[in-house]
Each structure stands twice: as C-alpha cells, then as structure tokens.
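>>> make a model of this:
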Amino acid sequence: MTTALLLQTSHWRDAAHDAVLTAAARELDPVRVVAATADPERTERMTGLPAVAADRRTLLRTLRSVDAVVVIGGRPLASSAAIDQIFGLADLYTIATAARTVGKRFAMIGVAAGPLQTRRDAFLARRLVIGSALAVVDEPESADILTKAGVPLPIRVGADLGWLELQEPPVEPEPAQDGAGTFPGEELWFAMTRPGIDAAGGEKAVADDLAAVQSSLADRLGVPDPGVLIQAWRGGTASGADLESAAAIAGELRSGDVPVRVLPPPLSLAEVRDGLSRVALCVTGDQHALMAAAAAGVGVISWPADPAARAMSDWLDVPTITDNLAASGHTAPTLVDSALTRAGQTLPVVREQIATAGEVVDLLRVLLTDGGELPRTPSSGRADHAHVVRPTGVMR
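Residues are numbered from 1 along each chain as shown. Below is the predicted model:
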C-alpha cells in the first residue's frame, strides 16, 4: 500500500487545515495518509489520521517509511517565511532534495508564492516547482511570481481542497428547546484572525466599522437591533489570541449597546457553512470562511487579510473592504446592499471550485497510485486551469 506524507507548513491550525487533510485522506483512499503538522496531537484528535511533527529532523526520519511527500497549502515559496509558516525556502528545498534522493515522490498542492527578493531565492523556488512530480499553486498571482522567477509555463492553478468538505447543502438546524437558536437569522457574523484584525487597525477600529455595518443591516432588514456573532477562528495554540481579540471587539460593540456574542473556534468548515446559512450577513477576512459563506449562499462582505483571501474575494466577486471602510471608498449601506443582493449568486462559483478541487485530487491520486511523472502541460493548455480529468462543474 502506498503511504503519502501530507505536510502542512502553517504554524497555527484551524478547521480549514483539518478539512483539507480529511478530504485528501478520503479522496485518496486506499492510499495511506500520514499528516505532518505543527500540532500533531491536535491533528490526530481532529482528523483521526496518524500525524508527526512538522520539523526538519522528524520529516527526514519519516522519509524512510513513506512513498511520497506532498506539501499542501501554505506560502512556502517566498524569500522570508511568512509569520505563520514553519519552513522557509531553504528548509523546504532540503526536504524535497532529501525525498528525491532516496527515491520518494515529491509534490506541492495549493501552495502560494510570495516575493522572491534574491537570485538565490528565485533559484530555490524554481527548482522546487520544476523538480516536483506535481505542482499546483493556489492562485494566478502565485503563478505570475513563479513565471518571473523562471518557471516555464504553463503553471497549474488549482482550487483549495477544503472545497471538498463543502459539497453538501447546509444542514437544517435542530429546533432550540428554549426557542432561541444560535443563529436566529437576522444576525451579522464576523470572523477574522488576530493578525488580520491588527492589519485592519486593531480591535477598536474593527469594532467601529462593524457597528456601521450592523446599523446598515438593521436599516436594510427593517429590524431594530440585529445581533453580532463574533467567531474566534483559529484553534490550537492560536485560539487564545483570536479569542482575546474577539472579546475586545465584543466589548467595544457592547459599549455602544450592540447585542453581541463570542463563539469559540469552529470544529469544521461544514459547521461554519451550516451556521452561516442561518444568518443574514457574513463579514470575514479569512479565505476559508469566505468559502463556507459562499457554500451557504449567504450575503458576504470580504475584509481580506492576506493574498489568499483577496484572491478568493476576486473569485467570488463579492463586495470588499480594503483595510477599513474609509479606505475602501464604499459606505456601509452600499456594501450591505450589494452583499444581500448577491446572496446565493456565488453558488455557481462554488460548484466550479469543488470540481476543480476534485481535478487536483485526481491528479494526485494518479501520481500516488501509478507512481509516474505527470505531463507538465495541462489539458486545457492554459496556465490558469488545472489538468482536466472530469468535466468542469461536475460535483463529486
């Protein structure tokens, strides 16, 4: 039986990281999957998969017992490791070289590229991509960066594997015994990580803009005071920071008499999707929360905190806050009206992204089960599409 080591390079964990591992393990069956993450104990508990620590010594030792190493997600192809990344370019190149030296297949799925500031960094990124048995980047911006670094076209761009956890329609809620459910249907849901909140100006600035959106939502719905649900996003070691920021924003909103509740980090993307199907409006800066909102068919305002979230906002074509409301050039009423008008219109994009994620898994399955190199040229002949295995738009 083939054994694949799935490496996630993020320092912190959230429901989306677990969703990607769960989806990959399910879709790749009967390939045996071992995860390598920054928090292997939590990964085993949340996914049921065997897991090892994602440090260089452990990974080099684990190479003896696996047939392939697959890097999934993250932003490792950049000059300096992002604040949430375990490995820089040199570390990842060492692991990839060691894997290939001992005859193991090496692949990268859904990885992001950032600025490559030196010739050495461009060389390492170029060798990593060209030397991979399969390389799929996360967005066209990453493909552009790698093209400038000398990676020949075409470069495969694929959908996040987390989409595969969002194929089913939202689950209807169980009636609450006390008559008050968690998501009454006239509420504003907000989620952003601590780094995203800091980038947007801090807790008070975010709370002020949320209060403006909440007031506009009240006017649009004709309800006196819709509540605000603030979801702490990341679990594991980063959960404390996100919960602290959520509590601080909640305190600012309560001082203005806005009804607000803080929710703990979600256990799964499906849980988020189901909850969002029962709110009026979603405001978020996270790529995967945007995905869940799109799958729920709820009105959404994007407040992108990183390039991945900005790319997802573009895919979904949703109204966007840049930095803050004032800098966006949009008023809160305009954003709310646009988001509610577009509710449900993102579903065709959701179906396309799910199909594209399925195509990426198909490619990975071929690599792991047949053991062969894949052709560099996608069947579509375009740099912005993954190799087509099934007709685009077909649900898995």
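>>> just the pLDDT for W303.
We note a pLDDT of 94 for W303 in this prediction.
>>> which residues in the stretch 101-250 of the chain form helices?
In the stretch 101-250 of the chain, the helices defined using DSSP state H, counting those that start in this stretch lie at 119-130, 140-148, 194-199, 203-221, 239-255.
>>> how far does the fourth one sit from its chain's centre?
It stands for helix 203-221. 25 Å (CA atoms, centre = their mean, to the nearest Å).
>>> then the third one?
Distance, stretch centre to chain centre, for helix 194-199: 16 Å (CA atoms, centre = their mean).
>>> what are the contacting residues of stretch 122-135?
Applying CB atoms under 8 Å, 6 or more residues apart in numbering, the external contacts of stretch 122-135 come out as 68, 77, 89-90, 92-93, 96, 100, 105-109, 111, 113, 116, 146, 149-152, 155-156, 363-364, 367, 373-374. (Each C-beta comes from the backbone N, C-alpha and C, glycine too.)
>>> likewise stretch 4-11?
17, 20-21, 24, 28, 31-38, 52, 54, 59, 62-63, 66-76, 83-87, 92, 95, 237-238, 368.
>>> quick check: mean pLDDT of it?
On average, stretch 4-11 scores 92.
>>> first to last residue in it, what's the distance?
Using CA to CA, to the nearest Å, the end-to-end distance of stretch 4-11 comes out at 21 Å.
>>> buried sites along that stretch?
4-11 (16 or more other CB atoms under 10 Å).
>>> list the buried residues for stretch 348-357?
349-351, 353-357.
>>> please name the nearest non-neighbouring residue to T37.
T43 (4.6 Å; CB to CB, 6 or more residues apart in numbering).
>>> and for the one you found, the neighbour number?
26 (other CB atoms under 10 Å).
>>> mean pLDDT and mean neighbour count added to the helices of the stretch 101-250 of the chain, as a markdown table?
Output for the helices of the stretch 101-250 of the chain, formatted as a markdown table (pLDDT from 0 to 100; neighbours: other CB atoms under 10 Å):
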| stretch | mean pLDDT | mean neighbour count |
| --- | --- | --- |
| helix 119-130 | 94 | 18 |
| helix 140-148 | 93 | 18 |
| helix 194-199 | 90 | 20 |
| helix 203-221 | 94 | 20 |
| helix 239-255 | 93 | 18 |
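>>> nearest to M291, of these?
For these, proximity to M291 was assessed by CB to CB; helix 194-199 is nearest, at 15.8 Å.
>>> run through who's touching that closest one.
With CB under 8 Å, 6+ apart, helix 194-199 has contacts from 83-84, 203, 206, 238, 241-242, 244-245, 249, 285-286, 303, 305-306, 323.
>>> dump that helix to CSV, restricted to CA.
Below are the C-alpha coordinates for helix 194-199, written out as CSV (Å, rounded to 0.1, in the frame of the first residue of the first chain):
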residue,chain,number,x,y,z
ARG,A,194,-5.7,38.4,15.3
PRO,A,195,-3.1,39.2,12.6
GLY,A,196,-5.9,40.3,10.3
ILE,A,197,-7.5,42.5,12.9
ASP,A,198,-4.2,44.1,13.6
ALA,A,199,-3.7,44.8,9.9
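>>> now the stretch 1-150 of the chain, which segments are flagged as low pLDDT?
81-84 (pLDDT under 70).
>>> give me the buried entries from the contacts of stretch 122-135.
By 16+ other CB under 10 Å, the contacts of stretch 122-135 give 68, 77, 89, 92-93, 96, 105-109, 111, 113, 116, 146, 149, 151, 155-156, 363-364, 367, 374 as buried.
>>> that older thread, which of the contacts of stretch 4-11 fall within strands?
Among the contacts of stretch 4-11, the members falling in strands (DSSP state E) are 32-37, 52, 68-72.
>>> who wins on neighbours among those residues?
T37 (29 neighbours).
>>> hey, what's that one bridged with?
A53 (DSSP bridges).
>>> contact partners for it?
Here T37 is in contact with 8, 10, 13, 17, 43, 51, 53-54 (CB under 8 Å, 6+ apart).
>>> in JSON lines: these, plus distance to V228.
Below are the contacts of T37 laid out as JSON lines (distance: CB to CB, whole Å):
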{"residue": "Q8", "distance to V228": "31"}
{"residue": "S10", "distance to V228": "28"}
{"residue": "R13", "distance to V228": "26"}
{"residue": "H17", "distance to V228": "26"}
{"residue": "T43", "distance to V228": "32"}
{"residue": "A51", "distance to V228": "36"}
{"residue": "A53", "distance to V228": "38"}
{"residue": "A54", "distance to V228": "36"}
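>>> ok, those residues vs L166, which is closest?
Once CB to CB is applied, the member of the contacts of T37 that ends up nearest L166 is H17, at 14.8 Å.
>>> for the closest one, which non-adjacent residue is closest in space?
Q8 (5.7 Å).
>>> how close does that neighbour get to G73?
Distance, Q8 to G73, by CB to CB, to the nearest Å: 6 Å.
>>> which residues are in contact with both of those two?
Contacts common to Q8 and G73, judged by CB under 8 Å, 6+ apart, are 17, 20.
>>> could you verify that the residue nearest to T37 is part of a helix?
Yes - the assignment for T43 by DSSP: H, G, I helix; E, B strand; the rest coil puts it in a helix.
>>> hang on, the earlier thing: in a markdown table, list the helices of the stretch 101-250 of the chain along with distance to M312.
Formatted as a markdown table, those follow (distance: least, CB to CB, whole Å):
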| stretch | distance to M312 |
| --- | --- |
| helix 119-130 | 22 |
| helix 140-148 | 12 |
| helix 194-199 | 13 |
| helix 203-221 | 19 |
| helix 239-255 | 19 |
